[in-house]
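Colleague: generate a structure from the sequence data that follows.
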Amino acid sequence: MVDIYDCKLLIVDDEPELRRMVIAILKQNGFQKIISAGDCSEARRLFAVEKPEAVILDVSLPDGDGFSLMRDFRASSFVPVLFLSARDEDEDRLLGLGLGADDYMTKPFLPRELVLRLHAILNRTYFPPVLSQKSKPVFSLGDMKVDLNSCEVTSQKGTSTLTAKEFALLEKLFENREKIVTGDSLCMAAWGDSLYGYENTLMVHIRRLREKIEPIPSSPQYLMTVRGLGYKLTGVKVL
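Modeller: Predicted coordinates for the structure are as follows:
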């Protein structure tokens, strides 16, 4: 059986001392396959050669920025990315998450929090419930077909794939279809934590999920916001 600690990690940060500290923290917590880079050029080379299972990425780099680097990575791989940056503006956080990052942490950070968030990302990506033998639901939303086994949404426009977080959110909403699901419940399903501190993150992922399951994302028909309470999935037909 594959172990979470067998996952190869790529650390990208231009501060050598910070890289050494992150590597030491991760190794103390059981991770052994860790490689690192100090700039975009070296990170691209290592990514192509080593094929890491996850990336911890700074935003500000000497020969580019982490956002562009993540786009390059995602052009050839769905590797999960955790931003670890001194840039704590909401715009940066939302940009990173909007591009598809799995999480965004700011410096300074708590070592235990870094380990817990990395654990959550790796578990959702490589050991999610969708991989179990039990069959997951298949349902339709209007003319769209949603298959939680393959994590695919199919419509007349084509097929799109759900990310691990989108899958977790949609599965929770489906399990409670036609009922209000609180933000806390959704955050526990996707991040293993309460809503506090994840408000903007949840909104970003709900928006991205709507882009895949709604005909007009700006005017949702199926994934509804219930102001002050949470969200509700409606119009579901189980196939």
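
Colleague: and the helix or strand of the chain with the lowest mean pLDDT, how far from the chain's centre?
Modeller: Scoring the helices and strands of the chain by mean pLDDT, DSSP states H and E places helix 90-98 at the bottom, with a mean of 82. Distance, stretch centre to chain centre, for helix 90-98: 13 Å (CA atoms, centre = their mean, to the nearest Å).

Colleague: so what touches it?
Modeller: With CB atoms under 8 Å, 6 or more residues apart in numbering as the test, helix 90-98 has contacts from 59, 66-67, 70, 83, 85, 104, 106, 200-201, 204-205, 208. All C-beta spots, glycine's among them, are computed from the backbone N, C-alpha and C.

Colleague: next SSE after that helix?
Modeller: strand 103-106 (DSSP states H and E).

Colleague: packing partners of that next one?
Modeller: Packing contacts for strand 103-106, counted by 3 or more CB pairs under 8 Å, 6 or more residues apart in numbering; DSSP states H and E, involve strand 81-85, helix 90-98, helix 111-126.

Colleague: can you give me the helices for this protein?
Modeller: Assigned by DSSP state H, the chain shows helices spanning 16-28, 40-50, 66-74, 90-98, 111-126, 164-175, 183-191, 199-213.

Colleague: so which of those is the most surrounded?
Modeller: helix 164-175 (a mean of 22; mean count of other CB atoms under 10 Å).

Colleague: and the contacts of that helix?
Modeller: With contacts defined as CB under 8 Å, 6+ apart, helix 164-175 is touched by 80, 102, 121, 124-125, 128-130, 136-137, 139, 146, 148, 151, 162, 181, 185-186, 189-191, 205-206, 208-209, 212-213, 223, 231-233, 236.
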